[in-house]
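Participant: generate a structure from the sequence data that follows.
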Amino acid sequence: MRKKTLISAFAGVSLVLGGSSFNGTGHDMHQNSGAMTASIENFSCKIPPGMQGGNYYKENECVSLRAFLSNPESFKQQRNYAPLKAIYNSSAAGRDMLERAAKDGVKLCDMDLSDGMAGVHRHHKRQIGIDYAKRPEFASQVATIVHELAHHYQSHFDADYYNANRSLEQNQQTMLAMETTAPTVEVIILFLAGQKGTLNWRTEIPENFYLFKWLTKFEEEYYNHIGHYGDHDDAVNYAASQVWQDVLLTQSKLDYYNDYAARFTALSLNNMGNGNPEDVQRDVENTVNNSGRIGDRIYFSRYENMPRGDALFGNNKDMKALHAALEWHRHAKLRGLEDPYVIHSRARLIAEGNSFLDVDFKRISCQLQQGEGTLVAFKNEAQRYKTSNQPMQKPDNVTVKFKMS
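Facilitator: Numbering: from 1, shown residues only. I've put the predicted structure just below:
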């Protein structure tokens, strides 16, 4: 997966709630042994040990997927053995994902991760991590590992999680595509494992979990389609495309990944660029189209089926307002505060009651680095600005530097 600017540290993550479809994004962070202080124009920000970009991870035991596939039984005493074996035996797609990752030298690691994170794909370190403490159920372990393997597979198609040359809406679409096709792949693999008898998802997964609901729909769509047309691969892709639409419109997913799209933008204002619009749009469409692709037979995501505009926010009006303000900040950075479009857009947003325009980005950056949610950080800063009535800080004056303490 190509990475750009600050976002080179980020990758796909599974959620505990509403994310990895188990009622449970993403980033890949550099591990630090000591506390970190962000010094921003005489503003000191204490960042807890092990945190960067607002997330925490600690690596524990790892297993080479290449070594595992060459001799699985030698890993029988490790907690990675059972879920990896289930994935391998589930289907051709499961084997394909594992073999591709093994060929690339990927390791599966037991990790301690931030609250709300159950898995992580660290592409630049060739690692997939799972927090087993958050995934005690066998089926959930399989699902989480599949989720991260799907992200690794996406990297082979140059799928960009975030690109500073895109608009915020374009980054919303690519991030949502990559993070909603991954749980759809979970559904595919668990369903195929159920067909083969490797794993009984009906008994392994609680009925009130998202994953159970999506698997039930997948099963219905699969058998309806195969009953009419008789082709297994077509039925898998059709059922996956229908489930993907449900995953896309799950409010908890929209909220979580929209929050991260806003986070990336807030932390990357100094790195914004203006790429060729046609090239940027083509990249977005290719990323979405390839996000749901596994091997030569599974390909269920289509750009034309991605939500647009208000549909990207569901019923979250605050998140919509935050994105509108950040898109204004992005244009202010690229065009300058005296640009007529920037002036007009600011006046319109103020008239709409948008409270996220006059903010101090050094304080927001500190909160984000400490692990605060993006919407919450902006609300905190908007309230502080309202009470203190401090002048607006121009986005192009923000410079963030880190030092170890």
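
Participant: tell me where the stretch 101-250 of the chain has strands.
Facilitator: 107-113, 117-122, 127-130 (DSSP state E, counting those that start in this stretch).

Participant: mean neighbour count, those strands: which tops it?
Facilitator: Most buried of the strands of the stretch 101-250 of the chain by mean neighbour count (mean count of other C-beta atoms under 10 Å) is strand 117-122; its value is a mean of 30. Bear in mind the C-beta positions are built from the backbone N, C-alpha and C, glycine included.

Participant: could you pull up the mean pLDDT of that strand?
Facilitator: The average pLDDT within strand 117-122 is 89.

Participant: can you give me the angle it makes with strand 107-113?
Facilitator: 140 degrees (axes from the mean of the first three to the mean of the last three C-alpha atoms, to 10 degrees).

Participant: quick one: strand 117-122 to chain centroid distance?
Facilitator: 9 Å (C-alpha atoms, centre = their mean, to the nearest Å).

Participant: which of the strands of the stretch 101-250 of the chain sits closest to D279?
Facilitator: strand 117-122 (25.9 Å; C-beta to C-beta).

Participant: and that closest one, what does it pack against?
Facilitator: strand 13-15, strand 55-64, strand 107-113, strand 127-130, helix 138-155 (3 or more C-beta pairs under 8 Å, 6 or more residues apart in numbering; DSSP states H and E).

Participant: quick check: neighbours of the fourth one in the sheet, parallel or antiparallel?
Facilitator: Right, the one you point to is strand 127-130. Its sheet considered, strand 127-130 pairs with strand 107-113 (parallel), strand 117-122 (antiparallel) by DSSP bridges.

Participant: which of the strands of the stretch 101-250 of the chain sits closest to Y161?
Facilitator: strand 117-122 (9.7 Å).

Participant: just the C-alpha atoms of the closest one, please, in CSV.
Facilitator: Extracted in CSV, the C-alpha atoms of strand 117-122 (Å, rounded to 0.1, in the frame of the first residue of the first chain):
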residue,chain,number,x,y,z
MET,A,117,-8.8,-1.8,18.4
ALA,A,118,-8.6,-5.5,18.0
GLY,A,119,-6.3,-5.9,15.0
VAL,A,120,-3.9,-3.9,12.9
HIS,A,121,-2.1,-4.3,9.5
ARG,A,122,1.4,-2.8,9.6
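
Participant: tell me the angle that strand makes with helix 138-155.
Facilitator: Going by the same axes, to 10 degrees, strand 117-122 makes 30 degrees with helix 138-155.

Participant: S44 belongs to a helix, doesn't it?
Facilitator: No. According to DSSP: H, G, I helix; E, B strand; the rest coil, the state of S44 is strand, so it is not within a helix.

Participant: can you report how many residues neighbour it?
Facilitator: 10 (other C-beta atoms under 10 Å).

Participant: quick check: bridge partners of it?
Facilitator: The partner list for S44 in beta bridges (DSSP bridges) reads S39.

Participant: what's the distance between it and C366?
Facilitator: 9 Å (C-beta to C-beta, to the nearest Å).

Participant: ok, back up a step: of all the helices and strands packed on strand 117-122, which one is nearest E204?
Facilitator: Nearest to E204, of those and by C-beta to C-beta, is helix 138-155 at 3.6 Å.

Participant: sorry, back to before: redo the strands of the stretch 101-250 of the chain as JSON lines? Include distance to H152.
Facilitator: Formatted as JSON lines, the strands of the stretch 101-250 of the chain follow (distance: least, C-beta to C-beta, whole Å):
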{"stretch": "strand 107-113", "distance to H152": "11"}
{"stretch": "strand 117-122", "distance to H152": "6"}
{"stretch": "strand 127-130", "distance to H152": "7"}
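
Participant: what's the pLDDT at the closest residue to Q170 other than its chain neighbours?
Facilitator: Spatial nearest neighbour of Q170, excluding adjacent residues (C-beta to C-beta, 6 or more residues apart in numbering): V284 at 4.8 Å. You'll see V284 listed with a pLDDT of 95.
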